[in-house]
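Novice: predicted model follows, preceded by the sequence.
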Amino acid sequence: PLVDHAILNHSFVRDDTLFIGPQTQIKFSGRDSESGLNRFAYSFKEDVGEQSYEEPFAITNEKDGFYTLQYFGYDNVNNRNVSEFSFYYDGTLPEVFTQFNTGSVEGSKIPTYPITSGLFLSATDLKSGIKSLTYNLDGSAFVPYRGLITGFQKGKHEMTIRAVDYLNNVREETIEFKIK
C-alpha cells in the first residue's frame, strides 16, 4: 500500500524541522489499488509492537525534544509498507511577566500602586514563540495587549493574562492588585 501522513493543525516548520505540540493532530492516509487498504498502525518512542490507528490523534505528556514516529499501512493480503517522520515536540507552556511602572506603596497584603501607575505585560516561549498575548480586567472580555495599560480606577483589581504560543500551548496567570 501507499501510505502518507498529515499534520492537521497547530504545527510549523522552521529550517528543516517540524514542530508539533500536545494540541497537534496526526492523521494517516493511504491506498492500495490491488487488494485494497486494510488498516494502519504506528510505533512511537521505541514502543515494542504496534499501536492500532483508528482516527487522528495527538501526542501528549512527553518531554520536549526530537522524536520519530513510524507508521505502517497494511493491505487486505497483509502486505505492509513502512514510513516515518521526525519532529520536535514542544509541550512547554509560555511564561508570562508583569511589571508596574511605579513602585508599590505600603499598607496592604495585596500589592498596592498609586493611581498614576501603568502595567506592562510580556510573555516568552523559548521554542515556539508567542502567537498572542491577551488580558482581561475584573472579568471583562479578553483584549489584545498593545502596550502600557493605564487608567486604572481606585480599588482592588484582578487581571488574567493569557499567552498562546504557535503550537497552541496556553498559559493563563491571574494577578491581584490595588490602586490607591
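Specialist: Arrived safely.

Novice: from now on I want contacts and neighbour counts done on CA atoms only, so please keep to that.
Specialist: Fine.

Novice: quick check: most distant residue from the centroid of the chain.
Specialist: The centre of the chain is farthest from one residue, Glu34, which by CA atoms, centre = their mean lies 41.1 Å away.

Novice: and that one, what does it touch?
Specialist: Under the criterion of CA atoms under 8 Å, 6 or more residues apart in numbering, the contact list for Glu34 is empty.

Novice: separation between it and Glu95?
Specialist: 53 Å (CA to CA, to the nearest Å).

Novice: could you do Lys127 as well?
Specialist: Taking CA to CA, one finds Lys127 at 12 Å from Glu95.

Novice: for the residue farthest from the centre of the chain, what are phi and psi?
Specialist: phi -100, psi -70 (degrees, to the nearest 10).

Novice: repeat that for Ala41.
Specialist: Per degrees, to the nearest 10, the backbone of Ala41 is at phi -150, psi 170.

Novice: bridged to it, which residues?
Specialist: Listed beta-bridge partners, Ala41: Ser52, Phe72 (assigned using DSSP bridges).

Novice: pretty sure it sits against Gly49.
Specialist: No - if you go by CA atoms under 8 Å, Ala41 and Gly49 don't touch, sitting 9.5 Å apart.

Novice: name the residue in those two with the higher neighbour count.
Specialist: Ala41 (17 against 10; other CA atoms under 10 Å).

Novice: and that one, what's its pLDDT?
Specialist: You'll see Ala41 listed with a pLDDT of 97.

Novice: list the contacts of Tyr42.
Specialist: By CA under 8 Å, 6+ apart, Tyr42 lies in contact with 50-53, 69-72.

Novice: 7 Å - rerun?
Specialist: For Tyr42, the contact set (CA atoms under 7 Å, 6 or more residues apart in numbering) comprises 50-53, 70-72.

Novice: remind me which residues of the chain are low pLDDT?
Specialist: Counting by pLDDT under 70, the ranges of the chain that qualify are 107.

Novice: quick one: what helix or strand has Gln99 in it?
Specialist: Counting by DSSP states H and E, the element that carries Gln99 is strand 95-100.
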